[in-house]
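Enquirer: give the three-dimensional model of this entry:
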Amino acid sequence: MLTSEQQLESLDDLRTYVHDILCQFDQLEAGAFRMTEQVLLRNGKPCGLYFCLHGPRAVRFSAIWETQDNTVLFYNSGGERFHKTRLVAAPVLEMAAA
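Expert: Sure, this is the predicted structure:
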């Protein structure tokens, strides 16, 4: 599993980064497939974001930004983790949940 560090200033930067990593992993053309996201809640408060890239033939790749440890975990279509990124600086999630 590959591990890296990133500094992302905004939620748009995070979305772009996640989309690019998921596309690069399976050699998909960036921008050719849609990505959805969902705010994850713990005790009614935002604690992360779940990203899902909807690839060809109903294949899905996912990533989870976990805000407590400030890491993004990337998963292939089989649910196996293939990449982990620690965010040095990250956007504020409350803005996304509002």
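
Enquirer: ok but Arg15 is inside a strand, no?
Expert: No. Applying DSSP: H, G, I helix; E, B strand; the rest coil, one finds Arg15 to be helix, outside a strand.

Enquirer: contacts only, for it.
Expert: With contact set as CB atoms under 8 Å, 6 or more residues apart in numbering, Arg15 has these partners: 35, 37, 51. C-beta coordinates here come from the backbone N, C-alpha and C atoms, glycine included.

Enquirer: so the last one touches Arg60, yeah?
Expert: Which is Phe51. No. Applying CB atoms under 8 Å as the test, Phe51 and Arg60 come out as separate, 10.3 Å apart.

Enquirer: so for these two, which residue has more residues nearby?
Expert: Remark: of Phe51 and Arg60, Phe51 carries more neighbours, 22 against 15, as counted by other CB atoms under 10 Å.

Enquirer: spatially nearest residue to the more buried one (excluding sequence neighbours)?
Expert: Computed as CB to CB, 6 or more residues apart in numbering, the closest residue to Phe51 that is not its neighbour in sequence is Ala63, at 4.4 Å.

Enquirer: now Tyr75: how far from Val88?
Expert: 22 Å (CB to CB, to the nearest Å).

Enquirer: Thr71 too?
Expert: 11 Å.
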